[in-house]
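Engineer: sequence first, then the predicted structure:
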Amino acid sequence: MAIEQGDPNRHSDYFYIPHFLRHFDQAQVVAECITPRPLFIFAPTLDEDMPKEGVEQLKAAVGPAYASAGAAELLDVRQPEGYHEFTHELFGRLAAWVLAAVGGPAPSL
């Protein structure tokens with residue numbers, strides 16, 4: 001999706017293998033290699049590196065794989081309005097999600 005909609009060099013090179021998207025579709029990799037492991041995606045609607053349409057396509061492609069694996073609750077995609085911004089609220093939600101994913105107690109927020 002990032003390649004189709006814009007500059008592939010802006011595709012957050014801090015979290016992907018160089019040229020990876022030239023050979024594989026991100027949804028295919030998530031569906032086949034990450035499912036049924038816990039996955040948290042934070043992608044604000046105006047994030048330039050994760051276009052809203054691409055995230056929605058990823059959810060549509062990956063959601064059924066998680067559901068088929070009996071792990072629908074382990075896929076958590078958050079798309080708040082706004083730009084790429086890490087707030088205290090986000091970190092609190094992420095911490096609670098990580099603790100729940102590993103079976104730990106939920107923190108008080």
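Structural biologist: Thanks, I have it.
Engineer: export only the CA atoms of the helix ranked longest in the chain, formatted as CSV.
Structural biologist: In the chain, with assignment by DSSP state H, the single longest helix is helix 52-68. Provided in CSV are the C-alpha atoms of helix 52-68 (Å, rounded to 0.1, in the frame of the first residue of the first chain):
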residue,chain,number,x,y,z
LYS,A,52,-5.5,5.0,6.7
GLU,A,53,-6.7,3.1,3.6
GLY,A,54,-3.7,0.8,3.9
VAL,A,55,-4.3,0.0,7.5
GLU,A,56,-8.0,-0.7,6.7
GLN,A,57,-6.9,-3.0,3.9
LEU,A,58,-4.5,-4.8,6.3
LYS,A,59,-7.3,-5.2,8.9
ALA,A,60,-9.7,-6.6,6.3
ALA,A,61,-7.0,-9.1,5.1
VAL,A,62,-5.6,-10.1,8.5
GLY,A,63,-8.7,-10.1,10.6
PRO,A,64,-10.1,-13.3,9.0
ALA,A,65,-6.8,-15.1,9.6
TYR,A,66,-6.9,-14.2,13.3
ALA,A,67,-10.5,-15.2,13.5
SER,A,68,-9.9,-18.5,11.7
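Engineer: what packs against that helix?
Structural biologist: In terms of contacts (3 or more CB pairs under 8 Å, 6 or more residues apart in numbering; DSSP states H and E), helix 52-68 is packed against helix 2-5, helix 26-29, strand 39-42, strand 75-78. The C-beta positions use only the backbone N, C-alpha and C, and glycine is treated the same way.
Engineer: mean confidence score for the first one?
Structural biologist: To tie it back to what came earlier, the one meant is helix 2-5. Mean pLDDT, helix 2-5: 52.
Engineer: separation between Ala71 and Thr35?
Structural biologist: 7 Å (CB to CB, to the nearest Å).
Engineer: most centrally placed residue in the chain?
Structural biologist: The chain has Ile41 as the residue nearest its centroid, 2.6 Å off, counting by CA atoms, centre = their mean.
Engineer: right, I'll leave it there.
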